[in-house]
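Student: generate coordinates for the sequence data below:
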Amino acid sequence: MGKQMRGGDVLRLIWRNGVALPDTGFGLRFRAALSSILPVQVVILIAKGGCARPLVMADELELAPALPLGDVLVEELPLDLPYGTMVVMLPEGGSSFSQLLGETVGEALVLAQSLGGVPMEHETDALYIMAHAAMRRAATLVLEGHDVDPQGFCRGLGRCLSRHWLAERRPLLPDPMLFMRSDFLWQRQLAVYLADLDPGFSSPDPLLVPEDLLSVSDAPLRLSEWAARTEIMLRAVMGAPEREDAPLKSNLAARFNLQ
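Tutor: Prediction:
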């Protein structure tokens with residue numbers, strides 16, 4: 001389970017009492033910090049044993065045919081789970097609070113990308129831009145009273161993105177320690193590597209990423225709506241064509257001066 005947990009693995013983990021509610025203090029702190037970066041409905045859980053990294057999933061994910069994750073959790077744990085909640089299962093122990101937060105945010109960004117409709121040729125650009133926006137937002141959290149170390153956050157984010165971008169391609173990376181650096185997103189070798197990995201990568205200028213890119217709502221949204229609004233913002237920033245069925249496109253673009 002340490003490499004890649006599938007639906008059946010998660011289901012067995014839950015049924016074997018391997019998932020629990022976190023300590024109240026930790027759970028509130030973590031959810032508050034996470035929600036300050038990503039305005040999405042979320043529940044924080046602790047996964048014991050074989051879970052080596054944060055798992056970030058939609059509550060409607062089917063762990064088995066006609067058996068969505070949300071229904072299983074409500075049956076097995078003493079919690080209310082509104083429809084459209086993002087489910088976060090954190091590994092027990094190991095990483096610091098800030099690293100765990102960064103890694104979780106990275107997994108949530110990957111999930112948002114998979115739920116959205118950003119054109120395939122823009123996917124690497126989209127994740128790169130969202131990562132920069134998340135890093136910049138995390139750097140401001142301490143000013144708002146959150147006990148978050150920006151460097152630890154970035155190392156956690158790098159751990160997630162290394163799994164997503166490297167896979168079996170690690171030998172192609174000039175510096176094998178790149179993703180362990182807190183400034184990895186600013187390194188030229190990352191942009192060069194991503195361009196080799198994906199010919200569609202355009203090396204967006206991080207300084208042009210709007211500071212409020214991920215702040216698509218003042219209150220937590222259902223997961224699907226959060227992903228849709230985030231997609232609209234990304235399309236505006238990247239200059240990608242808008243989907244004809246995209247909601248709220250003019251309001252969000254105007255709010256962030258992206259028209």
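Student: do you know how far residue 179 is from residue 18?
Tutor: Look at residue 179 and residue 18: by C-beta to C-beta, to the nearest Å, they are 28 Å apart. Every C-beta, even on glycine, is put in place using the N, C-alpha and C of the backbone.
Student: so what's the nearest residue to residue 149 once chain neighbours are set aside up against?
Tutor: Counting by C-beta to C-beta, 6 or more residues apart in numbering, residue 149 lies nearest to residue 98, which is 4.2 Å off, once chain neighbours are set aside. By C-beta atoms under 8 Å, 6 or more residues apart in numbering, the residues touching residue 98 are 148-153, 156.
Student: can you rerun that using 6 Å?
Tutor: 148-149, 152-153 (C-beta atoms under 6 Å, 6 or more residues apart in numbering).
Student: returning to that earlier point: comparing residue 179 and residue 18, which residue is more hemmed in?
Tutor: Comparing residue 179 with residue 18 by other C-beta atoms under 10 Å, the one with more neighbours is residue 179, at 23 against 19.
Student: surely that one and residue 160 touch.
Tutor: No: counting by C-beta atoms under 6 Å, residue 179 sits too far from residue 160 to count as a contact (9.0 Å).
Student: gap between the residue nearest to residue 149 and residue 138?
Tutor: According to C-beta to C-beta, residue 98 stands 8 Å off from residue 138.
Student: doesn't the residue nearest to residue 149 belong to a helix?
Tutor: Yes: when classified by DSSP: H, G, I helix; E, B strand; the rest coil, residue 98 is found to be part of a helix.
Student: quick check, pLDDT for it.
Tutor: pLDDT, residue 98: 97.
Student: anything in contact with each of residue 98 and residue 138?
Tutor: Residues within reach of residue 98 and of residue 138 at once, by C-beta under 6 Å, 6+ apart, are residue 153.
Student: grab the most central residue of this protein for me.
Tutor: Residue closest to the average C-alpha location in the chain (C-alpha atoms, centre = their mean): residue 108, at 2.0 Å.
Student: what helix or strand is it located in?
Tutor: helix 97-115 (DSSP states H and E).
Student: give me the contact list for the helix or strand that that helix is followed by.
Tutor: Heading C-terminal from helix 97-115, the first helix or strand you meet, by DSSP H and E, is helix 123-141. The contact list for helix 123-141 (C-beta under 6 Å, 6+ apart) reads 36-37, 105, 109, 113, 118, 148, 150, 153-154, 185, 194, 198, 201-202, 204, 206, 209, 211, 213-214, 234, 238.
Student: out of those residues, which end up buried?
Tutor: Buried members of the contacts of helix 123-141, scored by 16 or more other C-beta atoms under 10 Å, are 36-37, 105, 109, 113, 118, 148, 150, 153-154, 185, 194, 198, 201-202, 204, 206, 209, 213-214, 234, 238.
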